[in-house]
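1. Predicted model and sequence follow; I will ask about them next.
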Amino acid sequence: MISRLLIPAILAACVGSTTLGQSTLDRAIVGATAPLSEAQKSALDGFIAKHVDAIKDGNDAAACDEARWALVTLARDPAATPTFRKALALAIATDLAATVKGSDLRRAINAMQVLRFTRTPEGLDLVVERTIPSSETEPGKRIAAASLVADAFEDLDANNAYYETVSRRLKDAAAGETDVLALQQKLGAIASAARRKELPPENARTVRKNLIDAIASVAKAVRGSASADPRMQALQRVLVGVRNDLLEMSQSERAAVSKTLAPALSDLVSAASRQWESAHGVPAMSASYGSVMNSCEVLLRLIDRSERAAAYAGSKPEGDQRVLAPTWEAKDKAKFDAEAKRWSDIVGAAPYR
């Protein structure tokens with residue numbers, strides 16, 4: 001079994017390369033704009049076969065890496081058309097499906113990298129499936145798959161509805177995820193989809209809603225834990241991104257997501273109070289909780305000033321009057337709990353409920 005620590009290195013071995021070789025496949029096939037003929041499909045299958053076999057069955061690690069790189073280079077060929085890459089994805093997906101689902105982590109990651117670089121839904125669907133805990137029991141593969149999905153959103157050739165579909169699948173996968181790194185990657189992948197520049201506003205709104213729903217499901221699960229929950233660590237970075245997103249949202253969109261986000265933030269604050277001793281008992285965990293409390297407080301204030309504007313009419317700017325993060329760091333539970341209750345009461349009433 002490959003150590004989780006080696007997963008980034010395996011991914012970087014392909015993703016981090018910048019030199020593209022030239023395939024030996026007929027250039028007319030690579031540049032095809034019409035469906036491939038039977039003769040062209042046969043030529044493509046022949047080119048693919050030896051490389052796929054090395055990934056699936058080869059015992060030489062170097063040969064496996066070379067095979068992966070040959071297929072990735074073919075997919076990333078500047079002359080490769082969407083028509084060709086779709087044909088490539090369909091052929092590779094058929095041959096590598098069992099490897100992606102198999103127990104050999106290195107082979108599976110190599111196969112998923114090849115599928116990711118086809119830049120097609122036909123290739124990425126198999127990778128997305130490996131992010132689902134009920135389908136994939138190996139955390140390392142879920143981590144790698146979610147990372148590749150996030151990376152794929154940068155240059156994927158897909159219709160706009162596909163981003164909504166994948167973000168919804170990732171949302172569902174996040175709800176059942178117990179591995180903190182896999183969860184972090186999934187939430188990051190949804191956020192990456194929402195920030196894709198080419199995505200129309202209506203599709204981006206749906207993807208962002210899926211992200212907020214995912215955060216809410218995780219927050220509820222964390223609140224139900226009796227002791228410090230590592231999943232709090234996965235929320236650190238994504239909440240900072242959500243704060244930035246809220247500042248750019250229209251009033252109507254902010255109001256829509258706030259109905260879900262505010263209760264989720266309150267759940268996280270309640271979780272910190274409940275898990276106070278165990279979370280403070282581990283320095284790294286305590287730091288994560290403190291960071292999340294800071295984000296929760298910033299977000300709750302931002303949301304509340306928008307949702308209950310009348311309650312703030314005529315008031316002076318608050319400045320830096322944070323309570324949750326400072327009292328967490330000072331281990332002042334009485335003051336923390338008082339502020340937690342204040343926010344719980346606010347979020348438990350109109351207009352949030």
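-> The structure has been received and is ready for your questions.
2. rest of the way, CA atoms for contacts and neighbours
-> Fine.
3. Identify the residue spatially nearest to residue 58, adjacent ones excluded.
-> Spatial nearest neighbour of residue 58, excluding adjacent residues (C-alpha to C-alpha, 6 or more residues apart in numbering): residue 64 at 6.5 Å.
4. just residue 189 next, same as before
-> residue 150 (4.1 Å).
5. just for the chain, where's the confidence low?
-> Residues of the chain meeting the criterion pLDDT under 70: 1-23, 314, 316-320.
6. Repeat the analysis, applying 50 as the threshold.
-> Scanning the chain for pLDDT under 50 picks out 1, 15-22.
7. coming back round to it: I'd like the next helix or strand past the helix or strand hosting the residue nearest to residue 189.
-> Here residue 150 sits within helix 139-152, counting by DSSP states H and E. Where DSSP H and E defines the elements, the next helix or strand beyond helix 139-152 is helix 160-175.
8. in that next one, what counts as buried?
-> 163, 164, 166, 167, 168, 169, 170, 171, 172, 173, 174, 175 (16 or more other C-alpha atoms under 10 Å).
9. Who are the contact partners of the fourth one?
-> Think residue 167. 189, 190, 193, 207, 210, 211 (C-alpha atoms under 8 Å, 6 or more residues apart in numbering).
10. And the helices in the stretch 251-353 of the chain?
-> Secondary structure of the stretch 251-353 of the chain (DSSP state H, counting those that start in this stretch): helices located at 251-274, 276-280, 283-307, 324-329, 333-347.
11. Select, out of these, the one closest to residue 94.
-> helix 251-274 (39.7 Å; C-alpha to C-alpha).
12. Next, the angle helix 283-307 makes with the closest one.
-> 140 degrees (axes from the mean of the first three to the mean of the last three C-alpha atoms, to 10 degrees).
13. C-alpha coordinates for helix 251-274, CSV please?
-> This file holds the C-alpha atoms of helix 251-274, laid out as CSV (Å, rounded to 0.1, in the frame of the first residue of the first chain):
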residue,chain,number,x,y,z
GLN,A,251,-27.9,40.8,-2.6
SER,A,252,-30.4,38.3,-3.8
GLU,A,253,-27.9,35.5,-4.1
ARG,A,254,-26.3,36.3,-0.8
ALA,A,255,-29.8,36.2,0.8
ALA,A,256,-30.4,32.8,-0.8
VAL,A,257,-27.3,31.1,0.4
SER,A,258,-27.4,32.8,3.9
LYS,A,259,-30.5,30.8,4.8
THR,A,260,-28.3,27.7,4.7
LEU,A,261,-24.9,29.1,5.5
ALA,A,262,-25.7,31.0,8.7
PRO,A,263,-27.2,27.9,10.5
ALA,A,264,-24.1,25.9,9.3
LEU,A,265,-21.8,28.5,10.8
SER,A,266,-23.8,28.4,14.1
ASP,A,267,-23.4,24.6,14.1
LEU,A,268,-19.6,25.0,13.9
VAL,A,269,-19.6,27.4,16.7
SER,A,270,-21.7,25.1,18.8
ALA,A,271,-19.4,22.2,17.9
ALA,A,272,-16.4,24.2,19.2
SER,A,273,-18.1,24.8,22.5
ARG,A,274,-19.1,21.1,22.8
